[in-house]
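**Q** from the sequence below, what's the structure:
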Amino acid sequence: MGLATPYEACEYLVRTHMQPIPQRERVLAAAVNVAAIFFPYMGPIVGLVVAARSPYVKFHAFRALIEQVVATVVIGLLIVASLAYSVYSIRESMADGFDLSKINWVALLVKSLATWILLGVWEAVNVVLSIRDALEALRGDVPSKPKWSERCAIRMAGLVPGEGSLR
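**A** Model prediction:
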């Protein structure tokens, strides 16, 4: 019995698994999101292991894990782009031979500074989103219009019948 839309999946989730949500489960789900700030992968994985029987905690742990994977991919792409630009600019400046005076050090330092600022901003956004998710978990909110990460978490947690799960 697959559900046609993510909205139907969330309605099914609320109707069958998550009413009412005990305080203990809400606190554990919030703790999983806060732990993801300090321990990006270990927090959600420990949440999956510790509270595997709770659909609510399982949902939040999978969502936190998905968001941490996305954050890691974005950071990796930013670092690769930065390194590629550095190597390219050094290689281009040394086309006529090895001479350190031909390298535009100011441009490389500005690029490095911009990269570090972007990394800091991305991490700050990640922290704010994790805190927001923790507050939602503590309130017991279930998404009525799920984001893509929530749709993936619902399917991965095996909370929708007929969908593939990681049980």
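**Q** quick check: next helix or strand after the helix or strand of the chain with the lowest mean pLDDT?
**A** Counting by mean pLDDT, DSSP states H and E, the weakest-scoring helix or strand in the chain turns out to be helix 6-16, with a mean of 58. Sequence-wise, the next helix or strand downstream of helix 6-16 (DSSP states H and E) is helix 23-38.
**Q** pull out the buried positions in that next one.
**A** Glu25, Arg26, Leu28, Ala29, Ala30, Ala31, Val32, Asn33, Val34, Ala35, Ala36, Ile37 (16 or more other C-beta atoms under 10 Å). (Each C-beta comes from the backbone N, C-alpha and C, glycine too.)
**Q** now distance to Val106 too, for those residues, in TSV please.
**A** Formatted as TSV, those follow (distance: C-beta to C-beta, whole Å):
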residue	distance to Val106
Glu25	54
Arg26	52
Leu28	51
Ala29	48
Ala30	46
Ala31	46
Val32	45
Asn33	41
Val34	41
Ala35	41
Ala36	38
Ile37	35
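**Q** quick one: contacts for Pro30?
**A** Quick fix: residue 30 reads Ala, not Pro. The neighbours of Ala30, taking C-beta atoms under 8 Å, 6 or more residues apart in numbering as the test, are His60, Ala134, Leu135, Ala137, Leu138.
**Q** which two in these are spaced the farthest apart?
**A** Spatially, the most separated pair among those is His60 and Leu135, at 11.7 Å (C-beta to C-beta).
**Q** who's more crowded, these two?
**A** Neighbour tally, His60 and Leu135, criterion other C-beta atoms under 10 Å: the higher count belongs to His60, 31 against 13.
**Q** check that one and give its pLDDT.
**A** Here, the pLDDT recorded for His60 equals 87.
**Q** so it sits against Val32, correct?
**A** Yes: counting by C-beta atoms under 8 Å, Val32 is a contact partner of His60 at 5.3 Å.
**Q** what's the overlap in contacts for the two?
**A** Contacts common to His60 and Val32, judged by C-beta under 8 Å, 6+ apart, are Gly47, Ala137.
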